[in-house]
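Any chance you could fold what I've pasted below:
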Amino acid sequence: MSSKRIAQVNELIKQELGYLFVREIEFPKGMIVTITRVESSPELNDAEVYITVLPQNRRGTALETIKKKRGSIQHLLIRRLSMRSVPQLRYAIDTETEKADELEALFDAVKKEL
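Numbering: from 1, shown residues only. Modelled structure (predicted):
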């Protein structure tokens with residue numbers, strides 16, 4: 001499958017999951033969960049869904065909440081998407097944004113020293 005098609009599917013899954021997260025999952029009060037990206041396998045059998053959680057110390061709680069609703073989220077996603085087969089979803093914490101923030105802070109520190 002073309003990388004363009006996979007990128008389109010990833011974006012569609014991200015958008016639909018964002019909608020479902022707002023409508024179907026009741027996260028504990030004071031917690032913000034954002035889907036940052038989706039990476040599907042080339043065959044679209046499975047996909048890794050990366051999330052960020054604020055505050056960061058509530059990551060485990062967010063993943064547990066999502067895992068409890070995993071089956072119903074998958075079912076609702078299948079109903080919302082008009083695809084032959086919808087990838088099986090796995091969820092993970094996105095640490096790339098943290099790394100980017102750390103690099104940005106380092107660059108800022110270097111700029112101040114110059």
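
and whatever helix or strand residue 91 lives in, what's its mean pLDDT?
For residue 91, the host element (DSSP states H and E) is strand 88-93. Averaging pLDDT along strand 88-93 gives 96.

what's that strand packed up against?
strand 46-54, helix 59-68, helix 70-80 (3 or more Cβ pairs under 8 Å, 6 or more residues apart in numbering; DSSP states H and E). Yep, even glycine has a C-beta here, placed from its N, CA and C like the rest.

how far does the helix or strand following it sit from the chain's center?
Remark: after strand 88-93, the chain's next helix or strand is helix 96-113, criterion DSSP H and E. Distance, stretch centre to chain centre, for helix 96-113: 23 Å (Cα atoms, centre = their mean, to the nearest Å).

likewise stretch 31-40?
2 Å.

List the contacts of that stretch.
Stretch 31-40 is contacted by residues 6, 9-11, 13-14, 17-18, 21, 25, 27, 46-55, 58, 61-62, 66, 87, 94, 96-97 when judged by Cβ atoms under 8 Å, 6 or more residues apart in numbering.

about what we covered before: could you give the angle of the strand holding residue 91 to helix 59-68?
170 degrees (axes from the mean of the first three to the mean of the last three Cα atoms, to 10 degrees).

ok, residues contacting strand 88-93?
13, 17, 45-53, 59, 63, 66-67, 70, 73-74, 77.

doesn't residue 28 make contact with residue 58?
Yes. Between residue 58 and residue 28 there is a contact at 7.2 Å, judged by Cβ atoms under 8 Å.

So those two - more neighbours on which side?
residue 58 (17 against 9; other Cβ atoms under 10 Å).

quick one: contacts for the more buried one?
Contacts of residue 58 by Cβ under 8 Å, 6+ apart are 28, 31.

Which positions within the longest helix anywhere in the chain qualify as buried?
In the chain, with assignment by DSSP state H, the single longest helix is helix 3-24. For helix 3-24, burial by neighbour count (16 or more other Cβ atoms under 10 Å) applies to 6, 9, 10, 12, 13, 14, 16, 17, 20, 21.
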